[in-house]
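Undergrad: Make a model of this:
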Amino acid sequence: MLLAAFVITAALGAGCRRVPAKITAVRIKAELTQTFDQLRFSLRIREGDTILEEPVVLPNPDAGVKLKGVEDFVVWVDDDLDGVQVTCGVTGIRLGADIVHRQKDVIVRRQQTVTCVVRFDSPADGLDGGAAGEAGTVTDADTAGDGPRADGGVTNDGARLGDGPTMADGALPADGRPFADTQVPPPDAQEPPPTDAPVAPADAGLDAPPVPPAGCRAGDRKAFIDRSIFPAVAGCGLNNAMSTYSQAIQNASAVCADGWHWCRPSEIAQVRTDQSPGQADGNCSWIDNSPAPLPACSQKLTSYDRLDCQGNVVQTSSAAGASNGAACSLVDPMCLTNWKLTVPLTAFNRTSVQGPGVTCLNHIGWECAGAIGGMSCWITCCAN
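TA: Here you go, the predicted structure:
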């Protein structure tokens, strides 16, 4: 069951950001052998115990859901955490009391969702053993699931496990005794809810994965339909319709949602997928040609019918022409016609362009922007 997800970022670097093709995330997977009312999830950087986000407790206790088996929680993190070791923590809660805590270390990988499996191996975990203040706190990486430490919950490197940010309020008795002395009923002693009490369905609102934003101010995409495949690229409509390139220049900032902008060719070229963008209609989506990669008329780009600028030459033109005007011609030594770079939606994974001084740009092709015979396309928006 996927309980929830949240997004965090880390200010570990600055500078120009490129559009990610995938999401960098940590999936915390809790494997439970006993029943809990709630779980507290946490994520922190292992070195220095830097807290990435305050612990999150799910689900709402009023939901009446009993958690057992496998529970998932997805944490979106910044690409800058690539290669950083983080600690996933899960605390089982019953009747408002912390029963047992487990944690595990994983390495974040850019544009991948790494799974952090936190196992609750024994039904008695956390109910006996361990010194007051650290009862039931164990690191899977250090103990391989052998239960609480008899030495008071101290790891091999001397770090106290009970002092981390994953235990939000300690939840230990005021007299400092271990959990074994508290009046917590065993897992099989919980009374079932009254027969007339409403019980929420097991999947009530809990299984829906996080949905990336639409990216279009109107709220719906016209191209790059599947947000899970294209979380940071969207094809948007001007009043729900395709537009000329001249109209795209004037309206792109209004068409793209807040936090999004009109895509540049280099951003689209970074998308890594073999999936088709999908579209409501049409076969192209305009991108920002200003300034053109090679603005001089004599500097031309050649398009190919395969990715990585392989295969057959399709067309050689310049993007330096006007944004509207006469009909387009393949023979245009003075740039009087209006070829513009675009995203060919129906040939997304079999087109590319390059030119002198311009690295090969995948998923990019030519389209006529002329007033006579010119195309109408969607407007391509990219996340900032």
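Undergrad: What segments of the chain are helices?
TA: Per DSSP state H, the chain carries helices over the ranges 140-143, 245-255, 265-268.
Undergrad: Just the buried residues of the last one, please?
TA: Burial within helix 265-268, assessed by neighbour count using 16 or more other C-beta atoms under 10 Å, is assigned to 265, 267-268. In this view, the C-beta of every residue, glycine as well, is placed from N, C-alpha and C.
Undergrad: what do you get for stretch 73-88?
TA: Going by neighbour count (16+ other C-beta under 10 Å), the buried part of stretch 73-88 is 73-81, 84, 86-88.
Undergrad: Just flag the most distant two among those residues.
TA: F73 and D80 (21.5 Å; C-beta to C-beta).
Undergrad: Please tell me how far the residue lying closest to V108 once chain neighbours are set aside sits from V106.
TA: Closest residue to V108 apart from its sequence neighbours, by C-beta to C-beta, 6 or more residues apart in numbering: L81 at 4.4 Å. L81 sits 11 Å away from V106 when distances are taken as C-beta to C-beta, to the nearest Å.
Undergrad: Then F36?
TA: Distance of F36 to V106, computed by C-beta to C-beta: 22 Å.
Undergrad: Which one of the two is surrounded by more residues?
TA: Under the criterion of other C-beta atoms under 10 Å, the comparison of F36 against V106 puts F36 first, with 23 against 20.
Undergrad: residues touching that one, list them.
TA: Neighbour list for F36: 66-68, 92-94, 99 [criterion: C-beta atoms under 8 Å, 6 or more residues apart in numbering].
Undergrad: Model confidence score at it, please.
TA: Per-residue pLDDT puts F36 at 89.
Undergrad: circling back: out of the contacts of F36, which is nearest to V118?
TA: Nearest to V118 among the contacts of F36, with distances taken as C-beta to C-beta, is G92, at 10.2 Å.
Undergrad: Could you give the bridge partners of the closest one?
TA: For G92, the beta-bridge partners are L39, V100 (DSSP bridges).
Undergrad: Let me see the contact set for it.
TA: Residues in contact with G92 (C-beta under 8 Å, 6+ apart) are 32, 34, 36, 39, 98-101, 120, 126.
Undergrad: Between all of those, which two are at the greatest distance?
TA: Using C-beta to C-beta, the two most remote members of these are L32 and D98, lying 14.6 Å apart.
Undergrad: more neighbours, the two?
TA: Between L32 and D98, counted using other C-beta under 10 Å, the more crowded position is D98 (24 against 20).
Undergrad: got a list of what R350 touches?
TA: The contact partners of R350, taken as C-beta under 8 Å, 6+ apart, are 305-307, 311.
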